[in-house]
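Colleague: test case, fold it:
(one chain, ligands or ions: 1)
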Amino acid sequence: MSKRIDVKDLNVYYGDFLAVEDVSINIEAKSVTAFIGPSGCGKSTFLRTLNRMHEVLPGARVEGEVLMDGDNLYGPGVDPVTVRSQIGMVFQRPNPFPTMSIRDNVLAGVKLNNKKISKGEADVLVERSLQSANLWNEVKDRLEKPGSGLSGGQQQRLCIARAIAVEPQVILMDEPCSALDPISTLAIEDLINDLKDQYTVVIVTHNMQQAARVSEKTAFFNIAGTGKPGKLIEYGNTQTIFNNPNVKATEDYVSGRFG
Ligand SMILES: Nc1ncnc2c1ncn2[C@@H]1O[C@H](COP(=O)(O)OP(=O)(O)OP(=O)(O)O)[C@@H](O)[C@H]1O
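Modeller: Next comes the predicted model:
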């Protein structure tokens, strides 16, 4: 239920604009990898290339390879919809379907993939996904109530349950806590820690304490100036990136000197 991702020589474009240049990175299975760096350096753009979400924008494209356990996600004949079901995504703002019940929200991705399951199987899947998202106890008595009736932190955990229900190999998270209060943020961080037992997790975060708390590996991206492409500057063990980085720009960034 967990796969590694190897990126080779990836360039990412919006039309003619090269937004991210020449990234090669090996993301380990069953681990949490954090992407950090100043605004505009391409963290979110690069993240979205890992499950072929980038190309949903007209003119957006990539060059290079993204391999999941050796299979090129951009190879000929690969269906992006299948890729997205194997590599789930959680966004900055919790986005449950507001009028849908909590239960149906959990099942939404599964139904979107046209998977037919019985009511009994659905019940098991809903409970298991909500348990994995540390939300079951809070919602088990109101599964038929709308998802929009939950707090922001609960809604984000509901979105994580929805991602998990599809049984992905990898979960991508784009600043999943930036719209949440500190208590909900800690709940999500605890959850991320649990998720890595089963999944490969990649998280974009502006919060360096968060990167230090949740991840084993950290990738620091930077940008030389407006209009220039973002680049991967340094990648390594989170401890090393925060305490003993090799590159001066990394040290300046993690010590709060810019960005
Ligand atoms: N839809 C788009 N069309 C054109 N350019 C875009 C689009 N989205 C992002 N960009 C550009 O791509 C570059 C990288 O943006 P991206 O949002 O990936 O950076 P980021 O590091 O995630 O920033 P932040 O931390 O502010 O979210 C920026 O120059 C940005 O302006």
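Colleague: for the regular element (helix or strand) spanning Q209, give the mean pLDDT please.
Modeller: Assigned by DSSP states H and E, Q209 falls within helix 208-214. Per-residue confidence for helix 208-214 averages out to 96 on the pLDDT scale.
Colleague: tell me which other helices or strands it touches.
Modeller: The helices and strands touching helix 208-214, judged by 3 or more Cβ pairs under 8 Å, 6 or more residues apart in numbering; DSSP states H and E, are strand 32-36, helix 182-195, strand 200-204, helix 238-243. For every residue, glycine as well, the C-beta is placed using N, CA and C.
Colleague: residue ranges of the strands in the stretch 101-250 of the chain, please?
Modeller: Counting by DSSP state E, counting those that start in this stretch, the stretch 101-250 of the chain has strands at residues 170-174, 200-204, 217-223, 230-237.
Colleague: need those strands in TSV with distance to A163, mean neighbour count and mean pLDDT, can you?
Modeller: Compiled in TSV, the strands of the stretch 101-250 of the chain are given as follows (distance: least, Cβ to Cβ, whole Å; neighbours: other Cβ atoms under 10 Å; pLDDT from 0 to 100):
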stretch	distance to A163	mean neighbour count	mean pLDDT
strand 170-174	6	25	97
strand 200-204	11	26	98
strand 217-223	21	24	98
strand 230-237	25	19	98
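Colleague: wait, V66 sits on F46?
Modeller: No: with the criterion set as Cβ atoms under 8 Å, V66 and F46 do not qualify as a contacting pair; they are 10.1 Å apart.
Colleague: any common contacting residues for the two?
Modeller: Taking Cβ atoms under 8 Å, 6 or more residues apart in numbering as the contact criterion, the common neighbours of V66 and F46 are L10.
Colleague: to the ligand, which of the helices and strands packed on helix 208-214 lies closest?
Modeller: Each of those was checked against the ligand via Cβ to the nearest ligand atom, and the shortest separation belongs to strand 200-204, namely 6.3 Å.
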